[in-house]
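# whatever this is, show me its structure:
(2 chains)
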Amino acid sequence: DTAVSQTPKYLVTQMGNDKSIKCEQNLGHDTMYWYKQDSKKFLKIMFSYNNKELIINETVPNRFSPKSPDKAHLNLHINSLELGDSAVYFCASSQAPGSSYEQYFGPGTRLTVT
Amino acid sequence: AQSVTQLDSQVPVFEEAPVELRCNYSSSVSVYLFWYVQYPNQGLQLLLKYLSGSTLVESINGFEAEFNKSQTSFHLRKPSVHISDTAEYFCAVGGGSNYKLTFGKGTLLTVNP
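Residues are numbered from 1 along each chain as shown, chains lettered A, B, ... in the order given. Okay, the predicted model is just below:
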């Protein structure tokens, strides 16, 4: 069974389009995260939700909007896609908020904006 | 604020050789330290962590890291590497009331036959 799953795995789209990435975890965790990994492999936190409540909201463009319908799901919607949005986006989850808890990562979604 | 510096972006070694991947951190609060590994085209997975207690922590596949508070370091070592250890390794720091982890820029370990 996949612990943290993301769909789609690959996403190729044109500038200006709107797209969503979905994430689901079946670990029973309370906390979920979105990370962006750029072409140099640098990993940066974007958002985190704990029990559907936003607890981390890093400085990202307003075009990015997370949504957590329940604690097992955290989706990422991106409006008006730009070339610089091309990256691998990772979803992760942890048992609870707090940086002492191990984070479990999904396989990533490679977004290419042309 | 917290930060992590991984001093080597790439480390090539031969199979069965020892390896050390270096990590230094900066933090104004007591820290939690982690090493995550990312195999090609996969997500990250936890390799080992230091939360408190013994400063030497070990993983199930032969890696170890030592928390050195005076040198603000958490270097990762393995006495004999395998081809299968080829991956990107990320050091990360958390701590205090901070919800988030701050990751280093990663070190690509390449094990050659």
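# what pLDDT is listed against residue A:1?
According to the prediction, residue A:1 has pLDDT 67.
# what's the nearest residue to residue A:76 if we skip its chain neighbours?
Excluding the flanking residues, the one nearest residue A:76 by CB to CB, 6 or more residues apart in numbering or on different chains is residue A:21, at 4.7 Å. Bear in mind the C-beta positions are built from the backbone N, C-alpha and C, glycine included.
# now do the strands in the chain.
Going with chain A. For chain A, strands defined by DSSP state E occupy the ranges A:4-7, A:10-13, A:19-25, A:31-37, A:43-50, A:53-57, A:64-70, A:73-78, A:87-94, A:104-105, A:109-113.
# wrong chain, I was asking about chain B
B:3-6, B:10-14, B:19-21, B:23-26, B:31-38, B:44-50, B:56-58, B:64-68, B:73-78, B:87-95, B:102-103, B:107-112.
# out of the ones you listed, which gets nearest to chain A?
With CB to the nearest CB as the criterion, chain A lies closest to strand B:87-95 of these, at 2.3 Å.
# partner strands of the closest one, with direction?
Using DSSP bridges, the strands paired with strand B:87-95 are strand B:31-38 (antiparallel), strand B:102-103 (antiparallel), strand B:107-112 (antiparallel).
# contact partners for the residue in chain A positioned nearest to chain B?
Closest residue of chain A to chain B, CB to the nearest CB: residue A:99 (2.3 Å). Shown in contact with residue A:99 (CB atoms under 8 Å, 6 or more residues apart in numbering or on different chains): B:32, B:94, B:95, B:98, B:99, B:100, B:101.
# tally of neighbours for the residue lying closest to it once chain neighbours are set aside?
Nearest residue to residue A:99 in three dimensions, chain neighbours excluded: residue B:94, at 2.3 Å (CB to CB, 6+ apart). Neighbour count for residue B:94, taken as other CB atoms under 10 Å in any protein chain shown: 23.
# per-residue pLDDT, residue 68?
This is for chain A. At residue A:68, pLDDT is 93.
# not what I meant, chain B
For residue B:68, the model assigns a pLDDT of 95.
# that one touches residue B:55, doesn't it?
Yes: Residue B:68 is in contact with residue B:55 according to CB atoms under 8 Å; the separation is 7.1 Å.
# the residue nearest to residue A:76 against residue A:9, yeah?
No: counting by CB under 8 Å, residue A:21 does not reach residue A:9; the two are 9.9 Å apart.
# out of those two, which sits in the more crowded spot?
Counted by other CB under 10 Å, residue A:21 and residue A:9 do not tie: residue A:21 has more neighbours, with 22 against 13.
# tell me the residues of chain B that contact chain A?
By CB under 8 Å from any CB of the partner chain, the part of chain B that sits against chain A consists of B:32, B:34, B:36, B:38, B:41-46, B:49, B:51, B:88, B:90, B:94-95, B:98-101, B:103, B:105-106, B:108.
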